[in-house]
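Novice: take a look and give me a structure for this.
(2 chains)
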Amino acid sequence: MALLIVALGIGFTLANPKFATIGNLLDLIKSYSFFGILSVGVLVVLLSGGIDISFTAIAQVAEYASVALILQFGGNLWTAFLVACCIGIVLGAVNGLLIHFIRIPPIITTIGTLNLYYGALYVLSAGQIIYRVPDFYRTLSGATLPGNFPVLGVFWICAVILTACILKYSVLGRSIYALGGSEIAAIRVGFNILKTRLFVYSFMGFVAGFAAVVHTALVQSVIPNSIVGRELDVIAAVVLGGANIMGGSGSLLGTCLGVALLAMLGNGLTMIGMSSYWNNVMIGLVILVGVTMSAIQRNLQVRRRVANLTAQ
Amino acid sequence: MRRFLNYHRDLIALTAVLLVVLLVMLLLNPERFLTPNNLRSMAFQLPEIGILTLAMMIAMLHGGINLAVVGTANLTAIIAALAIHAMAPKMGGEWLAVALGLGAGFAASLLVGLLSGILVGFVGVSSILTTLGTMTLVNGVCIVITGGSTISRLPESVLFVGNGVFFGIPVPLIIFLLCGAGLSLVLSRTVFGFHLYMLGTNSEATRYAGINNARTLLGVYLLSSFFASIAGIIMMARFNSAKADYGQSYLLVTVLAAVLGGTSASGGYGKVIGVMFAVVMLQMLASGLNLLGVDPFFAIAMWGAILLLVMTLSHFVRRRV
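Specialist: Down below sits the predicted model:
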């Protein structure tokens, strides 16, 4: 995976020396920060053995509601984060409760809530676009650390570090891996499944709310259908990063590499002068090759293990 | 009688919901809902999404999903439209060009099904990932070959498929009914259908029973692609054009309709008749709300709510039994 990224990077740089410039890479980090933050939440859900399709709708609702409320009552960046994240947590918790208590498969539940949240947003907002967002979003978008590192990229890094801490160093994090590995085993060991599941989907909602603020800063307007429809792209990035869609395994590093790969493909192909029409073809091929390779690898492992057992 | 009731519980529940929707629509809008005009427009709109739902259902029966159905439908339409445009002037008869064009469209979509089927069946990639890949790839191919533009103005003989009327019944509806009947026969009367249900229930068991799982899965994706391309041809004929991003919003709706119709998301259960009922219900809801002048997005919200409601109800019913 990392090798593929390096190879691609070298290839693009040879074709167009501008690709490897600091400026272009920093631009990439900034414009993919929204995507990257969402992918962290998706990873956590996949680790727990679930899936969430509705996170784009949650982000959409959080984005619209937070900007609309701030325009109405005033507020600053922190209120924006607070409102968006709270909305995200509540909507995510609804997913978690439905999945746990009603035992609807996660993919069906979240398809249902995706339609519900998105439809409700459109009805309540009458589909109106907000063109003038509060000024602090503009400031945030242009803000950089010393060395021109975009602040939006820092948010992405923060999300990754926060998630890493939860996954590695908390009981909750370990219970997520356990639940994804085997639900029955996790119950036997004594993990509180309700708590874990509620946390996983609320966390996805929280991340979606967080990402929503970043998205507003990036695009400087709120269009009620600008996020919904990209859910499968984010899931593809996470899966390319090696997360098992059945749960239990996957890493943050892999997820970041998956996002990096898609980002480089998108940007690099344009820079070497390939028409953007080819984007989807390339991404589709990369996904197919990636998942095929990992399936073949897994098959070989199983076969080797069986061979070992018979040898004994 | 009791056994009959038990066996058809899902179908009865669905019929009840269907009747309730019908009643509510009649009460809310008595003078316009049951008019020939509205019925006809519903009969023309329903088949494309209905056939796509059948395509989705086939994949769900084995416990998977086929995210590429809409892309496959568009690919068929685009290839067919391009081929017809390319051949029609050169060949004497319009019919020959149309037949060859449709053939090319179906061939392209079967290639997609073949790719998905080989990856899921023989390589062992999970179906959601495989079809995520084929969906992205197919969408990309559609955009590349059309350059993102719309291919329009098709010959009259093709348009008949989407807009014609045969003995007073819209042609697309006839095709939908034929597809439903055909799939129902395949699922209940052939060895393939039996293997498919068993595979969806327990794939380990079928493997030990000596059933070739890989071959069954290959059949699943070929069949699913085949139905998707029928929907694609109908869409092409109805809109008199083909484009890479038609029907993008249909994808999740087909999953929704399949699940509402009693198809289990984890595989093994699902009947064609239930799915057809669910599609009719969704269409009545959409058309009814539309006639009332309600925001179409309200219908989207309603679909989500109804899906969750039906799942919740069936959960509690199942727990009591």
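Novice: report the contact partners of residue B:26.
Specialist: B:33, B:34 (CB atoms under 8 Å, 6 or more residues apart in numbering or on different chains). Where you see a C-beta, it was placed from the backbone N, CA and C, and this is true even at glycine.
Novice: which secondary structure element is home to it?
Specialist: When elements are assigned from DSSP states H and E, residue B:26 belongs to helix B:9-28.
Novice: now that helix, how far from the centre of its chain.
Specialist: 22 Å (CA atoms, centre = their mean, to the nearest Å).
Novice: what's the following helix or strand after it?
Specialist: Next along the chain after helix B:9-28, taking DSSP H and E as the criterion, comes helix B:30-33.
Novice: buried stuff in the next helix or strand after that next one?
Specialist: Per DSSP H and E, the first helix or strand lying C-terminal to helix B:30-33 is helix B:36-61. Within helix B:36-61, the residues that count as buried by 16 or more other CB atoms under 10 Å in any protein chain shown are B:38, B:41-61.
Novice: tell me the angle helix B:36-61 makes with helix B:9-28.
Specialist: 150 degrees (axes from the mean of the first three to the mean of the last three CA atoms, to 10 degrees).
Novice: quick one: distance of helix B:36-61 to the chain centre.
Specialist: 6 Å.
Novice: okay, the angle between the helix or strand just after that helix and helix B:36-61?
Specialist: Using DSSP H and E, the helix or strand that follows helix B:36-61 towards the C-terminus is helix B:69-87. Here helix B:69-87 points in a direction 110 degrees away from that of helix B:36-61 (the same axes, to 10 degrees).
Novice: helix B:69-87 - contacts with which helices or strands?
Specialist: helix B:36-61, helix B:94-117, helix B:127-146, strand B:151-152, helix B:213-239, strand B:241-242, helix B:250-260 (3 or more CB pairs under 8 Å, 6 or more residues apart in numbering or on different chains; DSSP states H and E).
Novice: start to end distance for stretch B:122-130?
Specialist: End-to-end distance of stretch B:122-130 (CA to CA, to the nearest Å): 12 Å.
Novice: any part of it near chain A?
Specialist: Yes. Using CB under 8 Å from any CB of the partner chain, stretch B:122-130 reaches chain A at B:123, B:124, B:125, B:126, B:128, B:129, B:130.
Novice: now restrict these to buried residues only.
Specialist: With burial judged by 16+ other CB under 10 Å, the buried subset of the residues of stretch B:122-130 next to chain A is B:124, B:125, B:126, B:128, B:129, B:130.
Novice: which pair in the residues you listed spans the largest distance?
Specialist: Using CB to CB, these span at most 13.4 Å, a distance reached by B:124 and B:128.
Novice: pull the number of nearby residues for residue B:175.
Specialist: Residue B:175 is flanked by 20 other residues according to other CB atoms under 10 Å in any protein chain shown.
Novice: list the residues that contact it.
Specialist: Residues near residue B:175 by CB under 8 Å, 6+ apart: B:47, B:51, B:161, B:230, B:234.
Novice: now with 7 Å?
Specialist: B:47, B:230, B:234 (CB atoms under 7 Å, 6 or more residues apart in numbering or on different chains).
Novice: so which of the helices and strands packed on helix B:69-87 gets nearest residue A:242?
Specialist: Comparing the helices and strands packed on helix B:69-87 under CB to CB, the one sitting nearest is helix B:127-146, at 11.8 Å.
Novice: can you check what angle separates that closest one from helix B:213-239?
Specialist: Interaxial angle of helix B:127-146 relative to helix B:213-239 (the same axes, to 10 degrees): 40 degrees.
Novice: who's in contact with helix B:127-146?
Specialist: Helix B:127-146 is contacted by residues A:232, A:236, A:239, A:245, A:277-281, A:283-285, A:287-288, A:291, B:59, B:64-68, B:71-72, B:74-75, B:78, B:112, B:115-116, B:119-120, B:243-244 when judged by CB under 7 Å, 6+ apart.
Novice: what does chain B put close to chain A?
Specialist: When proximity is defined as CB under 7 Å from any CB of the partner chain, chain B approaches chain A at B:119, B:123-126, B:128-130, B:132-134, B:136-137, B:139-141, B:143-144, B:147-148, B:252, B:255-256, B:259, B:265-266, B:295, B:297-298, B:300-301, B:303-305, B:307-308, B:311-312, B:315.
Novice: so how do I select the buried members of the residues you listed in ChimeraX?
Specialist: In ChimeraX syntax, the buried subset of those is picked out as below (16+ other CB under 10 Å):
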select /B:119,124,125,126,128,129,130,132,133,134,136,137,139,140,141,143,144,252,255,256,259,265,295,297,298,300,301,303,304,305,307,308,311
